[in-house]
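# could you work out the structure for the sequence below:
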Amino acid sequence: MKIGVASFSHETCTFCPKPTTIEDFESGGVYYGKDVLENSRGIPNYINGFILASEEETDVELYGILAASKSRGGSSGSWLTKECFDKYSNGIAKGLEENGPFDGVLLALHGAMAASGYLKPEAEVVRRCRKAVGDGVPIMVTLDLHANEDHELTDAADGVFILKTYPHVDSEDIGYQAGKCLIRTIRGELNPVMSIRKPGVMTPSVYQGTGEYPAKEIMERARQWERDEPDCISVSVAFGFGYADVPDVGATVVAITDNNQELADKIAGDVSDYIWSLREPFAGKKLPKTKEGVQEAMRLAKQGETPVIIADHSDRMGDSTWILEELMEQSACNFCIATIADEEAINEIQRKASVGNKVSVNIGGRSGKYAGSPVLITGKVSYLDECQYVLSGPMSHGDTRRLGLTCVLSFGDNNHVILTPTLHQVLDDALFPAVNLRLDDLDIVAIKSRVHFRAFYNENAGSIVVIDAPGLGPADLTQHEFKNIPKDIYPLQDQ
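Sure, this is the predicted structure:
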């Protein structure tokens with residue numbers, strides 16, 4: 001049994017200014033052939049889940065095709081250029097065609113990709129793969145919880161499996177589930193049928209954490225169906241990605257059963273109706289703004305509930321200075337901003353100074369009005385080097401993060417700013433020793449994250465404050481002018 005494996009993934013914030021290009025993906029790393037498998041082996045992601053499923057069998061061979069999933073800057077990139085989308089989607093299809101025949105295909109996609117010229121890019125990837133392998137070859141797809149999808153994807157694929165956790169700590173489990181379903185389908189032991197529903201609800205990412213109400217209850221509803229119905233293979237819920245101006249935006253429910261369409265329809269309808277019933281508490285939460293949030297962080301720090309983690313959830317470009325400015329305005333001390341994306345400032349520092357020298361430089365606030373203004377920092381260069389580290393927390397444990405040339409400026413009363421070339425999301429504490437800082441020595445740490453940081457910091461922070469500072473990923477979705485989304489989607493139906 002020969003199974004093709006490929007990945008093409010991007011979470012696209014279409015309101016960001018810079019398109020995502022081939023160069024961005026190549027910079028992040030694109031793999032072919034056996035490297036597709038070997039670069040995921042032992043890392044808890046979808047492809048390692050595929051590997052684990054295959055290793056339980058004696059007659060299954062996985063064949064790596066292409067993996068393009070780590071673009072430079074991540075979701076700070078806007079629409080994929082047509083050339084970029086075509087290169088990798090056609091590359092997967094060509095690899096399948098040239099290295100076949102295949103008995104099945106496993107695709108690790110995202111679901112929130114937006115590409116110029118293609119309204120439904122993930123569905124288009126599957127259609128191109130289908131053309132390459134033929135109608136009789138089953139194709140299973142894994143998706144991120146933030147996927148924006150509709151019937152075009154389920155029409156093209158034989159099975160769609162979506163993460164159930166945010167922070168995403170079940171990627172390997174979902175990959176394993178998809179892999180086992182594909183193997184059993186190829187053997188004729190299963191005949192998966194799908195039903196898909198769109199409840200018409202759109203929510204900010206910061207409210208979608210599955211450890212909190214109502215996302216937790218929605219996922220439990222899906223799991224209950226899986227436990228109670230022997231013919232139910234999978235019940236998946238994607239909460240959607242509200243910062244993509246695309247026609248299939250918003251939550252999606254996909255139910256898969258073993259040859260029982262009536263049951264699949266019943267399950268998908270029930271979970272979709274349940275999401276609709278919870279639309280008001282789901283989409284209508286409130287978060288403190290910058291001034292109030294920083295005041296609360298400083299109050300918690302004075303009480304000794306340290307380190308206080310400030311989550312700057314709305315910064316999609318990585319160079320926002322709102323929280324840095326407010327911390328300085330309120331005379332905070334012993335804090336760290338991890339990180340601000342400013343390659344221009346890093347290069348200026350490299351020209352002017354070396355480690356141990358004092359330097360004055362404007363940092364951040366370069367990408368537009370939502371990033372704030374550049375902030376003049378006069379401080380000591382305490383780190384300046386090519387930085388890489390290995391994730392140590394629950395999310396992507398063991399994966400290597402390569403940041404490029406990174407700088408730490410230390411100033412004031414034990415304050416620090418970590419400068420990186422692009423947006424960087426801190427998932428655990430591994431970054432800090434890599435740049436000669438100690439998390440335990442800091443009172444306040446501001447990071448660019450919405451929910452993923454909680455996988456580590458819910459257990460390791462003294463306290464957490466999520467701040468709704470200005471940014472391209474706001475809690476208030478009415479900030480953006482949407483042109484392509486459904487007119488009746490909640491809560492923007494009256495906008």
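# report pLDDT for residue 495.
We have a pLDDT of 60 for residue 495.
# same deal with residue 110?
You'll see residue 110 listed with a pLDDT of 98.
# check the one 5 residues further on too.
In this model, residue 115 is scored at 98, pLDDT.
# do I have it right that it meets residue 122?
No - counting by Cβ atoms under 8 Å, residue 115 sits too far from residue 122 to count as a contact (9.4 Å). For every residue, glycine as well, the C-beta is placed using N, CA and C.
# ok, now which ones touch residue 198?
Going by Cβ atoms under 8 Å, 6 or more residues apart in numbering, residue 198 touches 150, 248, 250-253, 272.
# tell me the contacts of residue 383?
Taking Cβ under 8 Å, 6+ apart as the definition, contacts of residue 383 comprise 355, 406-408, 418, 435-436.
# one more pass at 6 Å, please.
Residue 383 sits next to 408, 435-436 when contact means Cβ atoms under 6 Å, 6 or more residues apart in numbering.
# domain map for this structure?
Per automatic domain parsing, the domain ranges recorded for the chain read 2-283, 290-474.
# nearest to residue 486, of those domains?
Ranking those by their distance to residue 486 (criterion: Cβ to Cβ) puts domain 2-283 first, at 6.9 Å.
# for the stretch 51-200 of the chain, what spans make up the strands?
Taking DSSP state E, counting those that start in this stretch as the test, the strands found in the stretch 51-200 of the chain are 61-68, 78-80, 104-108, 139-143, 159-162, 192-197.
# export these to TSV and append columns for distance to residue 217.
Below are those laid out as TSV (distance: least, Cβ to Cβ, whole Å):
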stretch	distance to residue 217
strand 61-68	35
strand 78-80	34
strand 104-108	28
strand 139-143	21
strand 159-162	17
strand 192-197	17
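# now these as TSV including distance to residue 487 and mean neighbour count?
Compiled in TSV, the strands of the stretch 51-200 of the chain are given as follows (distance: least, Cβ to Cβ, whole Å; neighbours: other Cβ atoms under 10 Å):
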stretch	distance to residue 487	mean neighbour count
strand 61-68	34	22
strand 78-80	22	25
strand 104-108	31	26
strand 139-143	25	28
strand 159-162	26	27
strand 192-197	18	22
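# closest to residue 210 out of those?
Distances from residue 210 to each of the strands of the stretch 51-200 of the chain were compared using Cβ to Cβ; the shortest belongs to strand 159-162, at 11.9 Å.
# where is the longest strand in the protein?
With residue count as the measure and DSSP state E as the assignment, the chain has strand 375-390 as its longest strand.
# need the contact list for residue 127.
For residue 127, the residues meeting the contact criterion (Cβ under 6 Å, 6+ apart) are residue 156.
# again, only this time at 10 Å
Contact partners of residue 127, counting by Cβ atoms under 10 Å, 6 or more residues apart in numbering, are 89, 93, 120, 139, 152-153, 155-157.
# ditto for residue 79
By Cβ under 10 Å, 6+ apart, the residues touching residue 79 are 10, 12-14, 16, 18-20, 85, 113-118, 121, 244-246.
# got a pLDDT number for it?
pLDDT, read off for residue 79, is 98.
# got it, and the one 5 residues further on?
The confidence metric pLDDT takes the value 98 at residue 84.
# and the pLDDT at the closest residue to it other than its chain neighbours?
Residue nearest to residue 84 in three dimensions, not counting chain neighbours: residue 22, with 4.8 Å by Cβ to Cβ, 6 or more residues apart in numbering. In the prediction, the pLDDT value recorded for residue 22 is 98.
# quick one: residue 22 from residue 85, how far?
From residue 22 across to residue 85, the span is 10 Å (Cβ to Cβ, to the nearest Å).
# and if you look at residue 78?
Look at residue 78 and residue 85: by Cβ to Cβ, they are 13 Å apart.
# just residue 191 next, same as before
Taking Cβ to Cβ, one finds residue 191 at 32 Å from residue 85.
# for PyMOL, what selects the buried ones among the contacts of residue 127?
Buried residues among the contacts of residue 127 (16 or more other Cβ atoms under 10 Å), as a PyMOL selection:
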select buried, resi 89+93+120+139+152+153+156+157
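# and which of the contacts of residue 127 is nearest residue 182?
For residue 182, the closest of those turns out to be residue 139, at 8.3 Å, with distances computed as Cβ to Cβ.
# partner residues bridging the closest residue to that closest one other than its chain neighbours?
Excluding the flanking residues, the one nearest residue 139 by Cβ to Cβ, 6+ apart is residue 105, at 4.5 Å. Beta bridges link residue 105 to residue 4, residue 139 when assigned by DSSP bridges.
# I'd guessed residue 105 sits against residue 3; true?
Yes - counting by Cβ atoms under 10 Å, residue 105 touches residue 3, with 6.8 Å between them.
# for stretch 450-464, C-alpha coordinates in CSV please.
What follows is stretch 450-464 as a C-alpha-only set of coordinates in CSV (Å, rounded to 0.1, in the frame of the first residue of the first chain):
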residue,chain,number,x,y,z
ARG,A,450,-3.7,34.9,21.2
VAL,A,451,-4.1,31.5,22.8
HIS,A,452,-1.2,29.2,21.8
PHE,A,453,0.9,30.5,24.7
ARG,A,454,-1.5,29.1,27.2
ALA,A,455,-0.4,25.5,26.5
PHE,A,456,2.7,26.4,28.5
TYR,A,457,1.9,29.6,30.4
ASN,A,458,-1.3,28.5,32.0
GLU,A,459,0.8,26.3,34.2
ASN,A,460,4.0,28.4,34.3
ALA,A,461,3.0,32.0,34.5
GLY,A,462,2.2,33.8,37.8
SER,A,463,-0.7,35.5,36.0
ILE,A,464,-2.0,36.3,32.5
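# buried ones in that stretch?
Of the residues in stretch 450-464, those buried by neighbour count under the rule 16+ other Cβ under 10 Å are 450-457, 461-464.
# among these, name the ones in strands.
The strands in this structure, assigned by DSSP E, contain 463-464 from the buried residues of stretch 450-464.
# I'd like the buried residues of stretch 450-464 as JSON lines, with distance to residue 279 and pLDDT appended.
Compiled in JSON lines, these are given as follows (distance: Cβ to Cβ, whole Å; pLDDT from 0 to 100):
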{"residue": "450", "distance to residue 279": "20", "pLDDT": "94"}
{"residue": "451", "distance to residue 279": "19", "pLDDT": "96"}
{"residue": "452", "distance to residue 279": "24", "pLDDT": "96"}
{"residue": "453", "distance to residue 279": "26", "pLDDT": "97"}
{"residue": "454", "distance to residue 279": "23", "pLDDT": "97"}
{"residue": "455", "distance to residue 279": "26", "pLDDT": "96"}
{"residue": "456", "distance to residue 279": "30", "pLDDT": "97"}
{"residue": "457", "distance to residue 279": "29", "pLDDT": "97"}
{"residue": "461", "distance to residue 279": "30", "pLDDT": "98"}
{"residue": "462", "distance to residue 279": "34", "pLDDT": "98"}
{"residue": "463", "distance to residue 279": "30", "pLDDT": "98"}
{"residue": "464", "distance to residue 279": "26", "pLDDT": "98"}
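# ok, back up a step: include neighbour count and distance to residue 379 when you put the contacts of residue 198 into a markdown table, please.
Output for these, formatted as a markdown table (neighbours: other Cβ atoms under 10 Å; distance: Cβ to Cβ, whole Å):
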| residue | neighbour count | distance to residue 379 |
| --- | --- | --- |
| 150 | 19 | 50 |
| 248 | 24 | 47 |
| 250 | 26 | 44 |
| 251 | 27 | 45 |
| 252 | 29 | 47 |
| 253 | 26 | 51 |
| 272 | 22 | 53 |
